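Asker: Return atomic coordinates for the entry below.
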Amino acid sequence: MNIPLAAIAPLPEALARPGLNGSGRRHRIGQHDIDPGILRHFNDLLAQIDLDHVALDRDQVASAARELVDRHVDRSVDERVEGIAPPCIRQRMRRAGAIDLMFHDPEWDARPSPAFAARLVVDYIRGSVGVIPNALPVVGRLDDAVMVETAWPQAATEVRDYLDFCRLRRIEAELRNERRLHFGFTRADWVAARQAEAEWIAHCRRVATSTYVPAGGARGFRVN
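Answerer: This is a model prediction of the structure:
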């Protein structure tokens, strides 16, 4: 599973600039008029994930969309393939995919805080109503990307652990000749398997850096 976990492309700078408390002049993305009620609900969700989140206004969202379109136009023709989202959206949607898999995996018992953030992310992205229609060229799912960006500080460690859980579950399935995806391998089993793996790696390293020849033993070895 190719999930970008380290540095990724930044979101539009307009999202980080202070809002104008509704006095900004922009409120449309192309022909789409940003609904104040939907944006208010979106901000409420972000605040549930991050208490320090500063509410976005319509001008910020519209300006961010314009910035993203301008950035997209500046890219090469090969990069502007129709249907391919800009990197800042595409990379965060891959993260969203991992969050979705983690949230719906019956064998993974996520910790409460990341589980709560994951539920909000999944519910919003899978929902039928959003701040920005998914079908809009270039900027569709920008709001989803913002949701993932807000939740990521809480979810990142849990997602990394979950991806490692999936790796060790695949290994365990091969050892058992198990074809089912879910066969009772739990988080507790993952912890035990990870510990066993760590001990085996440490053993191999010790063997690689040690010798089985006793000290001074080589002096008695002669070739006539």
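Asker: Skipping adjacent residues, who's closest to Val129 in space?
Answerer: Leaving out its chain neighbours, the residue that sits closest to Val129 by C-beta to C-beta, 6 or more residues apart in numbering is Ile38, at 6.1 Å. Where C-beta positions appear, they are placed from N, C-alpha and C, glycine not excepted.
Asker: do you know how far the one you found is from Glu178?
Answerer: As judged by C-beta to C-beta, to the nearest Å, Ile38 and Glu178 stand 45 Å apart.
Asker: Likewise for Ala192?
Answerer: In terms of C-beta to C-beta, Ala192 sits 17 Å off from Glu178.
Asker: ok, those two, which is more surrounded?
Answerer: Counting neighbours by other C-beta atoms under 10 Å for Ala192 and for Glu178 shows that Glu178 has the greater number, 15 against 12.
Asker: on that earlier part again, so what's the residue count around the residue nearest to Val129?
Answerer: For Ile38, the neighbour count with other C-beta under 10 Å is 14.
Asker: What of Pro137?
Answerer: By the measure other C-beta under 10 Å, the count of residues near Pro137 is 11.
Asker: again, but for Val122
Answerer: Count around Val122 with other C-beta under 10 Å applied: 19.
Asker: Helix or strand: which one has Asp44?
Answerer: Element membership for Asp44 (DSSP states H and E) is helix 36-49.
Asker: in that helix, what counts as buried?
Answerer: 39, 42-43, 45-46, 49 (16 or more other C-beta atoms under 10 Å).
Asker: what helices or strands is the top helix by length along the chain leaning on?
Answerer: Across the chain, the longest stretch assigned as helix under DSSP state H is helix 142-176. Counting contacts by 3 or more C-beta pairs under 8 Å, 6 or more residues apart in numbering; DSSP states H and E, helix 142-176 packs against helix 36-49, helix 58-73, helix 87-104, helix 112-126, helix 187-208.
Asker: I appreciate the help and will end here.
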